[in-house]
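In: Below are the sequence and a predicted model for it; my questions follow.
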Amino acid sequence: MTLTDTVKQDLAGAMKAGEKERVSTLRLVLSELQKAAKDGNTDEQAVLRRERKRRLESAGAFRDGGRPELARAEEAEAVIIEGYLPAELGDDELRGMVADALAETGATSPRDMGKVMKAAMQSVAGRADGKRVSALVQEALRP
């Protein structure tokens, strides 16, 4: 069963249960998944990661603009979307993957950041935000 099918089933269940916020979020997610499929993008998890990131960025903008109620709504949508993504990597596991990427590329200086990031992001496979990976790589490459 594809992620799109799962979202469709969950949408039907949320509609029956009268969960307005969940219905709204799942409709948006379903629309984005269908749009991506129509465009030939078959990476459903990438679509969900992008949508979660948008919600979190919007929440930050709303907080900065003094609109905490809208920020909470965006964060609630992000939590619903996260439910369809694989669990995020823990810090220790992520540090191990960065160390493996460093060893694999033979990186020794900050100039090797691009090579290490490419190797690390392949092994992370969407289970951690690029900002977290970048911070750990920078930390590891500091002289």
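Out: Yep, that arrived.
In: Name the residues of the longest helix along the chain that are buried.
Out: Looking across the chain with DSSP state H, the single longest helix is helix 44-64. For helix 44-64, burial by neighbour count (16 or more other CB atoms under 10 Å) applies to 44, 47-49, 51-52, 55-56, 58-59, 62. For the C-beta atoms, the positions are set from N, CA and C on the backbone; glycine is no exception.
In: Just give the nearest non-adjacent residue to the residue positioned nearest the centre of the chain, would you?
Out: The chain has residue 49 as the residue nearest its centroid, 3.1 Å off, counting by CA atoms, centre = their mean. Spatial nearest neighbour of residue 49, chain neighbours left out: residue 126 (5.8 Å); criterion: CB to CB, 6 or more residues apart in numbering.
In: Could you report the distance from that neighbour to residue 100?
Out: Applying CB to CB, to the nearest Å, the value for residue 126 to residue 100 is 17 Å.
In: who has more neighbours, those two?
Out: Per other CB atoms under 10 Å, whichever of residue 126 and residue 100 has more neighbours is residue 126, with 16 against 13.
In: Quick check: phi and psi at the more buried one.
Out: Backbone geometry at residue 126, expressed as degrees, to the nearest 10, gives phi 80, psi 10.
In: Contact partners for it?
Out: 45-46, 49, 85-86 (CB atoms under 8 Å, 6 or more residues apart in numbering).
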